[in-house]
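> this one's structure only:
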């Protein structure tokens with residue numbers, strides 16, 4: 001029901017980004033002694049009803065002594081997290097969760113308070129998850145809580161958390177015991193909450209009704225000009241608004257000076273302004289209430305120490321406003337669904353619609369992928385170039401594509417990983433349903449250095465990446481040609497339902513190479529079963545790869561039908577010389593049969 005798992009910022013170990021079930025982000029951090037004034041403001045913003053449910057009496061005031069007690073904490077005796085919005089001196093506390101250890105040091109009493117206007121977004125569950133994680137790290141095994149019977153929302157947080165609970169009722173008060181060590185069901189539910197939250201954030205990215213192009217230009221050759229015209233050319237089903245303070249209209253469309261001047265709500269803002277101007281634009285988007293951004297602009301982490309500092313500041317600002325962001329330094333996003341027709345990229349390529357979705361860390365390579373897909377008539381469902389990926393990246397996209405009815409095959413171009421463990425866990429689950437093909441750049445030391453200068457990425461070792469992909473069931477390819485060969489098969493064929501592969505060939509050498517390839521990918525040879533024979537050739541199927549060599553080209557179709565009809569064969573590879581001239585290679589996979 002609630003939230004997504006945190007994404008930790010390595011350079012900010014005390015700041016945690018979490019994703020609410022509505023797809024928006026929120027910042028959590030430990031409470032600090034200098035939070036007294038912020039906590040006081042938070043208390044007096046609470047409704048009398050919320051204060052009553054928290055303290056279980058009509059508490060009207062909070063004293064300086066109480067503020068000192070609540071803000072000056074030291075684990076494991078006492079600890080607290082706050083949820084905050086805004087940055088620097090404008091930061092406001094909007095929720096608090098705390099524990100106080102009991103004398104046995106293994107048990108702690110917990111309490112939660114969430115500001116009235118943001119309740120029902122799953123923040124209570126989010127805070128419980130973080131308190132539990134910190135408590136286990138401090139050897140606390142059990143949480144205790146006392147909840148008024150009428151506090152239905154708090155009871156729902158505990159009941160739906162997935163932790164094993166003990167509950168007793170005394171005089172209208174529930175006494176709750178939470179076993180923090182029994183986490184099997186909790187982990188399952190937490191993964192589901194993560195899936196819902198990540199998916200919702202990406203769904204909003206791909207399905208806007210109103211889009212503002214901030215930095216749209218009258219020049220078709222500029223990035224802002226090309227992007228705005230792509231939105232018009234590809235038939236966006238919503239409404240697009242150009243924003244540029246220096247002109248009144250672009251391509252015959254009324255232009256606005258700032259996004260704040262647009263007279264309707266905006267779902268998605270695409271930012272195409274110089275890097276130093278991005279911060280002001282983000283502030284204006286926050287004022288406008290825009291929750292999702294695509295930052296095309298370069299000049300951030302990929303451009304040296306100054307750019308990395310600029311990127312850090314941008315990440316902080318984005319998180320303080322609870323926004324979701326693609327970029328910076330990216331090509332944009334595309335959704336070919338006939339109900340949306342969103343082309344918020346500056347690509348000159350019109351990609352055909354299909355069932356392949358692409359996530360690319362590189363904008364230039366993303367452009368090449370779209371161009372090559374068009375040249376072989378390979379249809380695209382959705383495309384995202386996420387560049388420096390300060391927020392939305394591979395894990396978020398995978399969670400969305402898992403349930404996207406328009407996506408059957410997923411392609412990734414990676415230069416780095418944010419959290420390899422998370423990626424492996426999510427990809428392993430999805431690869432059972434939809435094939436994932438990945439090109440991982442930066443295999444060599446030189447390539448890894450190039451990746452760092454390109455998108456500010458820190459490349460993992462190639463051996464580790466191979467192991468990660470193998471464990472997750474990701475198909476790793478080394479070239480774009482290999483990638484599209486795999487895409488052409490997987491976008492037009494179902495996944496094989498077993499390891500039995502039949503090989504049909506009238507050329508011995510290619511057949512042997514194909515058998516070796518099957519063996520190398522785990523299709524171990526087994527008992528052979530004869531299904532045909534005679535002067536026209538022979539056909540065999542086995543539990544691993546089998547080899548058939550028809551004696552005459554004309555016999556290929558006969559042998560293929562025999563192989564295909566045998567229940568043991570789950571896929572058929574046809575390879576060789578047909579009519580002694582044209583080389584032919586084909587792979588056919590049987591659909592699932594029940």
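Yes, it's here. Fair warning: this is a prediction, and the values are worked out from it, not measured in the lab.
> C-alpha from now on. contacts and neighbour counts both.
Fine.
> Quick one: neighbours of residue 323, just the number.
Around residue 323 there are 24 other residues, counting by other C-alpha atoms under 10 Å.
> Identify the residues contacting the closest residue to it other than its chain neighbours.
Closest residue to residue 323 apart from its sequence neighbours, by C-alpha to C-alpha, 6 or more residues apart in numbering: residue 291 at 4.7 Å. Taking C-alpha atoms under 8 Å, 6 or more residues apart in numbering, we find residue 291 in contact with 24, 267-268, 322-324.
> What is the nearest of those to residue 157?
Closest approach to residue 157 among the contacts of residue 291 (C-alpha to C-alpha): residue 24, at 19.2 Å.
> So that closest one is in contact with residue 202, correct?
No - here residue 24 lies out of contact with residue 202, judged by C-alpha atoms under 8 Å, at a distance of 10.0 Å.
> Low-confidence ranges, the stretch 1-150 of the chain, go.
1-14 (pLDDT under 70).
> That one: helices as residue ranges?
Counting by DSSP state H, counting those that start in this stretch, the stretch 1-150 of the chain has these helices, from start to end: 36-45, 48-55, 64-71, 123-137.
> out of the ones you listed, deepest packed?
Most buried of those, by mean neighbour count (mean count of other C-alpha atoms under 10 Å): helix 123-137, with a mean of 21.
> Might one say that residue 384 is in contact with residue 359?
Yes - between residue 384 and residue 359 there is a contact at 4.9 Å, judged by C-alpha under 8 Å.
> When the two are compared, which one has more neighbours?
Ranked by neighbour count (other C-alpha under 10 Å), residue 384 and residue 359 place residue 384 first, with 30 against 24.
> Report the contact partners of the closest residue to residue 106 other than its chain neighbours.
Among residues not flanking residue 106 along the chain, residue 140 sits closest, at 4.4 Å (C-alpha to C-alpha, 6+ apart). Shown in contact with residue 140 (C-alpha under 8 Å, 6+ apart): 76, 105-108, 180.
> List just the nearest of the residues you listed to residue 274.
Looking across the contacts of residue 140 and measuring by C-alpha to C-alpha, the closest to residue 274 is residue 76, at 47.2 Å.
> what distance separates stretch 112-122 from the middle of the whole chain?
Using C-alpha atoms, centre = their mean, to the nearest Å, the distance from the centre of stretch 112-122 to the centre of the chain it belongs to is 25 Å.
> Show me what it is in contact with.
So stretch 112-122 is contacted by 1-3, 20-22, 42, 45-47, 50, 54, 94-98, 123-124, 127, 153 (C-alpha under 8 Å, 6+ apart).
> All the strands of the stretch 51-200 of the chain, residue numbers only.
For the stretch 51-200 of the chain, strands defined by DSSP state E, counting those that start in this stretch occupy the ranges 78-85, 92-101, 107-114, 142-148, 164-170, 173-179.
> Out of the contacts of residue 291, which is nearest to residue 59?
residue 322 (30.6 Å).
> neighbours of the closest one, just the number please.
Residue 322 has 25 nearby residues by other C-alpha under 10 Å.
> Next: residue 60.
For residue 60, the neighbour count with other C-alpha under 10 Å is 11.
> ok, now which ones touch it?
48, 51.
> where's it relative to residue 47, distance?
To residue 47, residue 60 is 10 Å away according to C-alpha to C-alpha, to the nearest Å.
> same thing with residue 119?
Residue 119 sits 12 Å away from residue 47, taking C-alpha to C-alpha as the criterion.
> With residue 332 instead?
According to C-alpha to C-alpha, residue 332 and residue 47 sit 43 Å apart.
> Among these two, which residue is more densely surrounded?
For residue 332 and residue 47, the more surrounded residue by other C-alpha under 10 Å is residue 332, and the numbers stand at 26 against 13.
> Torsion angles phi and psi at the more buried one?
Dihedral angles of residue 332 (phi, psi; degrees, to the nearest 10) stand at phi 120, psi -160.
> so who does it touch?
Contacts of residue 332 (C-alpha under 8 Å, 6+ apart): 294-296, 326, 344-346, 363, 384-386.
> ok, now with 7 Å
Contact analysis of residue 332 by C-alpha atoms under 7 Å, 6 or more residues apart in numbering lists 294, 296, 344-345, 384-385.
> remind me which residues of the stretch 351-500 of the chain are low pLDDT?
Confidence mapping of the stretch 351-500 of the chain against pLDDT under 70 gives the ranges 442-460.
> residue ranges of the strands in it, please?
With DSSP E, counting those that start in this stretch as the criterion, the stretch 351-500 of the chain has strands at 353-360, 380-385, 409-414, 436-440, 475-477.
> Measure how the fourth one sits relative to strand 353-360, angle-wise.
I take that to be strand 436-440. Per axes from the mean of the first three to the mean of the last three C-alpha atoms, to 10 degrees, the angle that strand 436-440 makes with strand 353-360 is 40 degrees.
> Does strand 436-440 pack against any helices or strands, and if so which?
Packing partners of strand 436-440 (3 or more C-alpha pairs under 7 Å, 6 or more residues apart in numbering; DSSP states H and E): strand 409-414, strand 475-477.
> Quick one: these as CSV, columns for mean neighbour count and distance to residue 272 too.
Converted to CSV, those look like this (neighbours: other C-alpha atoms under 10 Å; distance: least, C-alpha to C-alpha, whole Å):
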stretch, mean neighbour count, distance to residue 272
strand 409-414, 23, 23
strand 475-477, 17, 33
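> Tell me which of the ones you listed approaches residue 493 most closely.
Closest to residue 493 of the helices and strands packed on strand 436-440, according to C-alpha to C-alpha: strand 409-414, at 10.4 Å.
> possible to save the helices of the stretch 1-150 of the chain as CSV with distance to residue 504?
Formatted as CSV, the helices of the stretch 1-150 of the chain follow (distance: least, C-alpha to C-alpha, whole Å):
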stretch, distance to residue 504
helix 36-45, 73
helix 48-55, 72
helix 64-71, 73
helix 123-137, 55
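> And those: which comes nearest residue 236?
Residue 236 sits nearest to helix 123-137 of all those, at 34.8 Å, using C-alpha to C-alpha.
> Can you list the buried residues in stretch 349-368?
By neighbour count on 16 or more other C-alpha atoms under 10 Å, the buried set for stretch 349-368 is 351, 353-363, 366-367.
> Going by residue numbers, what spans are helices in the stretch 201-350 of the chain?
For the stretch 201-350 of the chain, the helices defined by DSSP H, counting those that start in this stretch cover 223-233, 278-288, 305-321.
> Report the contact partners of the residue nearest the centre of the chain.
Centroid-nearest residue in the chain: residue 396, 0.9 Å away (criterion: C-alpha atoms, centre = their mean). The contact partners of residue 396, taken as C-alpha under 7 Å, 6+ apart, are 198-199, 202.
> Please tell me how far the closest residue to residue 279 other than its chain neighbours sits from residue 328.
Leaving aside its sequence neighbours, residue 279 sits nearest to residue 314 (C-alpha to C-alpha, 6+ apart; 6.9 Å). Per C-alpha to C-alpha, residue 314 is found 9 Å from residue 328.
> Could you check which of those two is surrounded by more residues?
Remark: of residue 314 and residue 328, residue 328 carries more neighbours, 32 against 18, as counted by other C-alpha under 10 Å.
> how close does that one get to residue 488?
Separation of residue 328 from residue 488 (C-alpha to C-alpha): 31 Å.
> ok, now residue 353?
Distance of residue 353 to residue 488, given as C-alpha to C-alpha: 14 Å.
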